[in-house]
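1. predicted coordinates and the sequence they were generated for:
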Amino acid sequence: MPLDGAPGRLLLGIALSTAIGLLAYRRGSLSRSGVGGAILTGALIFGLGGFAWAVLVVLFFASSSALSHWQAARKAAVAEKFAKGSRRDLAQTLANGGVGALLAVGNALHPDPIWLAAFVGAMAAVTADTWATEIGVLSASPPRLITTLRPVAAGTSGGITPLGTLAALAGGVFIGVSAWLLAALGGQPGGVLLLAVGSVVGVVSALFDSLLGATVQRVYECRVCGQATERRFHHGQPTRPLHGWPWLDNEGVNFLASLVGALLGGWWGAGRW
Ligand SMILES: [Zn+2]
């Protein structure tokens, strides 16, 4: 029975993710609602995924939190354009961990190594995107829009820099190498495949994220200063829609990018096991 022992593992998952969520709240990495999102997704991934799954999601979360605190003062000026601050909330934790949690549920109901390949793809996608955002924002050269290559202001959705793209590649490789080491430690086959999935799928998904950001993600415009922004209010006035689909915000784009990462990882794994 695949679900044997699941209640006990879920309880352990809730305990572990609650401890990590509260620690992250104290460090300023999560808001109150973000702690809820971390407990929900963490409990499912820890409880229903397995050891490698738990380590990979902790590596994503710890590296992302450390990077958002790093050079925080220099980023503050740019972050003003973003809709949210450095504390991740419920929507952001679900956008980053939601696909991984669904894959863990799938893994518990119908165990198969393909779920892990898909999970590595999803984690590589969110890690690549977070590293690209946190490091790319420090680029000395202005970002260029991924579609037209026109220079745009730092922090603009869909803007890419060579530094950010390298960071995305590094984030995916970081997850791929970690998955490979975990498979080797556990004596499981498929480590090299997981290394390849993380290294390739991470940067591909991050570029897909930028593509959506440049085309269909909703963007508002300030009625006072005319600046494009993700915020509903700017200079004390409600902003007006500029372009994009009104229902697709930055979190929706992140969720879709991690879904694409999972599909690519699962598709890659399906042919090899
Ligand atoms: Zn304004």
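-> Looks like it arrived, so ask away.
2. residue contacts, S210?
-> Taking C-beta atoms under 8 Å, 6 or more residues apart in numbering, we find S210 in contact with I146, S157, G158, G159, I160. For every residue, glycine as well, the C-beta is placed using N, CA and C.
3. which ones are touching the third one?
-> If I follow you right, that is G158. Taking C-beta under 8 Å, 6+ apart as the test, what G158 contacts is L145, I146, T147, V152, S210, L211, L212, G213, A214, T215, Q217.
4. just give the nearest non-adjacent residue to it, would you?
-> Nearest non-adjacent residue to G158, counting by C-beta to C-beta, 6 or more residues apart in numbering: A214, 2.5 Å away.
5. after the helix or strand that the one you found is a member of, which helix or strand is next? Please name it.
-> Assessed by DSSP states H and E, A214 sits inside helix 191-215. The helix or strand immediately downstream of helix 191-215 is strand 219-221, counting by DSSP H and E.
6. what is that following strand packed up against?
-> Judged by 3 or more C-beta pairs under 8 Å, 6 or more residues apart in numbering; DSSP states H and E, strand 219-221 is in contact with strand 228-229, strand 240-243.
7. what strands flank that strand, and is each parallel or antiparallel?
-> Its sheet considered, strand 219-221 pairs with strand 228-229 (antiparallel), strand 240-243 (antiparallel) by DSSP bridges.
8. wait, does the shortest one contact the ion?
-> No: counting by C-beta under 5 Å from the ion, the ion has no neighbours in strand 228-229; the shortest distance is 7.1 Å.
9. repeat for the last one
-> No: using C-beta under 5 Å from the ion, we find that strand 240-243 stays clear of the ion, coming within 11.3 Å at best.
10. that strand - what's its average pLDDT?
-> The pLDDT scores in strand 240-243 average 91.
11. chain center to it, what's the gap?
-> Averaging C-alpha positions (C-alpha atoms, centre = their mean, to the nearest Å) puts strand 240-243 25 Å from its chain's average.
12. need the next SSE after it, C-terminal direction.
-> Next helix or strand after strand 240-243 toward the C-terminus (DSSP H and E): helix 250-270.
13. since that was my last question, I'll sign off now.
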